[in-house]
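Enquirer: Kindly return the folded structure for what I paste below:
(one chain, ligands or ions: 1)
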Amino acid sequence: MEYAIEVEGLSKHFGSYAAVDNISFSVPKNKIFGFLGPNGSGKSTTIRMLCGVLLPTAGNLRVLGKDVKTNTDFVRQNLGYMSQKFSLYEDLSVEKNLDFYAGIYGLNKSAREVRKRELLSMAKLEGREKQIAGHLSGGWKQRLALGCAMIHRPQLMILDEPTAGVDPISRREFWGIIRELADQGTSFLITTHYMDEAERCDLIGFIYNGKIIGDVVSPIHLLEQERAKGIEDVFVRYVDRMNKEESSPGIGGYNA
Ligand SMILES: Nc1ncnc2c1ncn2[C@@H]1O[C@H](COP(=O)(O)OP(=O)(O)OP(=O)(O)O)[C@@H](O)[C@H]1O
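Expert: So this is what the prediction gives:
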């Protein structure tokens, strides 16, 4: 099997604090993987290591089959990242935002025009090319940000809370796009605090206090395995179990 992400014995310490504590998991290619956990559990720290911008304290990390440490150019060319904050230039038009990211990745003029048309169609922004990004609604901004993050045709997309603060209709539309892209061969790692979104993932994994709880499995499998009604129930159960096993104060609240 080919994997989008392979993490083995990964740790990150900030001083004596283990933000990520010896985690291991793998995600096959072309799947939507939901990486779930409460605030401060270690998701962003793991993501920063996957993107190659933060060095692990220990462990191995492979993206699309390549060691992140020794293949920084490969990771840059094949991984896309979109954060909750969207990274858009609010005073530039839709088209100029896409142009800006195309420039960063060195797309020539003809490749840029082709890719822009594809992404405007994917993001359902055709006809809005000249609109100023800052004037778009939350859902449109979100889809433009996804387009910008995918300008270089990444095989793996990491989306860190991409739907936070976006209305339910736009969230549903966004997930429709993600599913289509996954069906066409893009792999996704998504963090979310919305449990309905967790249930839309192909696979989910939980992190708490820097540790992975349970296995990476499909939501349906997990619900059967745990005999639970919803993912939120499983999550609360996991956290209770972990808290009983180890007394770890100072964790932020879960804000699903
Ligand atoms: N550079 C840093 N120096 C010290 N501690 C850090 C640093 N970065 C993160 N941490 C700590 O590591 C822990 C994990 O943080 P991280 O941002 O990975 O959590 P998260 O799961 O992404 O949370 P959220 O959902 O709020 O984004 C937190 O306790 C955080 O305060």
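Enquirer: shaky segments in the stretch 151-256 of the chain?
Expert: Low-confidence segments of the stretch 151-256 of the chain, defined by pLDDT under 70: 247-256.
Enquirer: Could I get the full set of helices for it?
Expert: Counting by DSSP state H, counting those that start in this stretch, one finds helices in the stretch 151-256 of the chain at the ranges 168-183, 195-198, 219-226, 231-245.
Enquirer: how about TSV for those, with distance to the ligand and mean neighbour count added?
Expert: Every C-beta, even on glycine, is put in place using the N, C-alpha and C of the backbone. Shown next, in TSV, are the helices of the stretch 151-256 of the chain (distance: least, C-beta to the nearest ligand atom, whole Å; neighbours: other C-beta atoms under 10 Å):
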stretch	distance to the ligand	mean neighbour count
helix 168-183	18	16
helix 195-198	14	20
helix 219-226	20	15
helix 231-245	13	16
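Enquirer: Now do the same contact list for the residue lying closest to Leu88 once chain neighbours are set aside.
Expert: Nearest residue to Leu88, sequence neighbours excluded (C-beta to C-beta, 6 or more residues apart in numbering): Ala133, at 4.8 Å. Shown in contact with Ala133 (C-beta atoms under 8 Å, 6 or more residues apart in numbering): Leu88, Tyr89, Glu90, Asp91, Leu92, Ser93, Val94, Asn97, Lys141, Leu144.
Enquirer: just the buried members of the residues you listed?
Expert: Among the contacts of Ala133, those classed as buried by 16 or more other C-beta atoms under 10 Å are Leu88, Ser93, Val94, Asn97, Lys141, Leu144.
Enquirer: What residues does the stretch 1-150 of the chain have near the ligand?
Expert: Phe14, Ala19, Gly37, Asn39, Gly40, Ser41, Gly42, Lys43, Ser44, Thr45 (C-beta under 6 Å from any ligand atom).
Enquirer: hmm, which of those are the buried ones?
Expert: Buried, going by 16+ other C-beta under 10 Å: Ala19, Gly37, Gly40, Ser41, Gly42, Lys43, Ser44, Thr45, out of those.
Enquirer: Among those, which lie within strands?
Expert: Mapping these onto strands (DSSP state E) picks out Ala19.
Enquirer: Can you tell me which of the buried ones among the residues of the stretch 1-150 of the chain next to the ligand end up in helices?
Expert: Judged by DSSP state H, helices contain the following of these: Lys43, Ser44, Thr45.
Enquirer: So the second one sits against Asp160, correct?
Expert: Read that as Ser44. Yes. Using C-beta atoms under 8 Å, Ser44 is in contact with Asp160, at 6.5 Å.
Enquirer: anything in contact with each of these two?
Expert: Thr191.
Enquirer: so Val53 sits in a helix?
Expert: No. Assigned with DSSP: H, G, I helix; E, B strand; the rest coil, Val53 falls outside any helix and is coil.
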